[in-house]
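Chemist: Need coordinates for the below:
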Amino acid sequence: MTTIAVPPTRFVSPAKALRHGFSLAWRGLVKIRKNPEQLVDVTIQPIILLVVFVYLFGGAIAGGTGEYLQTLTPGLLVQNTLMASLSAGVALNTDVNKGVFDRFRAMPIARSAPLVGAVLADVVRYLVAIGVLLGMAMIMGFRVHTDPLSVLVAIATLVLAGLCFCWIAVFIGMLVPTPAAVQNIMMAIVFPLTFGSNVFVPSATMPSFLRAWSDISPVSRLADAMRGLLTGGPVAGPLLGGLAWLAAVVLVFFPLAMRAYRRRVS
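Modeler: Numbering: from 1, shown residues only. Coordinates of the predicted model:
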């Protein structure tokens, strides 16, 4: 039996490792350009959710579609960004199953570069999801009542949320055997998080046990921050609470993802 010699592991500086990550991020962007159908979940799905919830439930929840649109859109931006973060885990799981990582192991690149590259490439998906949803919401009547700086802070916060939450998807992607399993498990995580928040209805209308969670939920904190940044209202408290949750997610799931990755490809 012929054995393939794997080059010995060598030290790679953080700067060079980041450069390797950007190189593999470009690979991810090229894949999106050649297969634009990969963006269906961040283009068509946000529009469907916005139209369905505003026109079917807006009158019942808020007494009118216009008022509900102003409340729903900032929260829906958070949900769609979290949904977009699923793709990193799915893409990495696909590459592992196709043997792409065997080629990466034989290359003189940082061990973390494939993971970092997949995560950085998803920034484009987050920006597309944000742009499509905001554009459709404005066509339907949504209006921003703050200044351009607040809008930029909102967009940056959403991208940061996606970059942080995607490490959960990466961790799951390194544990389960198939891409479909990654998507199913992540949907089972994201949907309770978003529907158990104040994205769609005020926390005050919920049962006490659910309201207690909704009030401290990372999705609720981020949704409140988006409302403050886009339509006016408190920003500092919700934003700091949301950032604290994002930091906790990274502190927990980044090392778990790296450990699972090393076990999977070793």
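Chemist: helices and strands around the longest helix along the chain, which ones?
Modeler: When the chain is parsed with DSSP state H, its longest helix is helix 236-265. Helices and strands touching helix 236-265, as assessed by 3 or more Cβ pairs under 8 Å, 6 or more residues apart in numbering; DSSP states H and E, comprise helix 86-98, helix 100-105, helix 113-140, helix 148-173, helix 218-231. Every C-beta, even on glycine, is put in place using the N, C-alpha and C of the backbone.
Chemist: right, so those: which one is the most enclosed?
Modeler: A comparison of the helices and strands packed on helix 236-265 by mean neighbour count, using mean count of other Cβ atoms under 10 Å, puts helix 218-231 on top with a mean of 25.
Chemist: dump the residue contacts of the closest residue to Tyr55 other than its chain neighbours.
Modeler: Nearest residue to Tyr55, sequence neighbours excluded (Cβ to Cβ, 6 or more residues apart in numbering): Thr65, at 6.1 Å. Each residue near Thr65 by Cβ atoms under 8 Å, 6 or more residues apart in numbering is listed here: Val54, Tyr55, Gly58, Gly59, Gly141.
Chemist: Name the stretch from the helices and strands packed on helix 236-265 where average model confidence is lowest.
Modeler: Of all these, helix 100-105 carries the lowest average pLDDT, namely a mean of 66.
Chemist: Would you mark the buried spots in stretch 47-66?
Modeler: Within stretch 47-66, the residues scored as buried using 16 or more other Cβ atoms under 10 Å are Ile47, Leu49, Leu50, Phe53, Val54, Gly58, Ile61, Ala62, Thr65.
Chemist: That one spans what distance, first to last residue?
Modeler: 16 Å (Cα to Cα, to the nearest Å).
Chemist: Stretch 54-61 now?
Modeler: Across stretch 54-61, first to last residue, Cα to Cα, it's 9 Å.
Chemist: start the count at 30, not 1, going forward
Modeler: I'll keep to 30 as the first residue from here, and by that count the last item is stretch 83-90.
Chemist: picking up where we left off before, for the contacts of Thr94, which one is nearest Ala158?
Modeler: Using Cβ to Cβ, Val83 comes nearest to Ala158 of these, at 17.4 Å.
Chemist: what about the closest one, distance to Pro143?
Modeler: Separation of Val83 from Pro143 (Cβ to Cβ, to the nearest Å): 40 Å.
Chemist: what's the nearest residue to Arg240 once chain neighbours are set aside in contact with, if anything?
Modeler: Spatially, and ignoring its direct neighbours in sequence, Arg240 is nearest to Ser232 (4.9 Å; Cβ to Cβ, 6+ apart). Ser232 is in contact with Arg240, Ser243, Asp244, Ser249, counting by Cβ under 8 Å, 6+ apart.
Chemist: Tell me how far the third one lies from Ala252.
Modeler: By that I understand Asp244. For Asp244, the distance to Ala252 - Cβ to Cβ - is 12 Å.
Chemist: Give me the distance between the residue nearest to Arg240 and Val180.
Modeler: Applying Cβ to Cβ to Ser232 and Val180 gives a distance of 25 Å.
Chemist: try Ser237
Modeler: 35 Å.
Chemist: burial of Met287, as a residue count?
Modeler: By other Cβ atoms under 10 Å, the residues close to Met287 number 18.
Chemist: cool, Arg172 as well?
Modeler: Arg172 has 12 nearby residues by other Cβ under 10 Å.
Chemist: before we move on, what SS does it have?
Modeler: coil (DSSP: H, G, I helix; E, B strand; the rest coil).
Chemist: now swap in the one 3 residues further on and tell me
Modeler: Following three-state DSSP, Thr175 is assigned to coil.
Chemist: was I right about it contacting Gly262?
Modeler: No - contact criterion Cβ atoms under 8 Å: Thr175 and Gly262 do not qualify, at 9.4 Å.
Chemist: Checking Phe229 next. Helix, strand or coil?
Modeler: Classified using three-state DSSP, Phe229 is coil.
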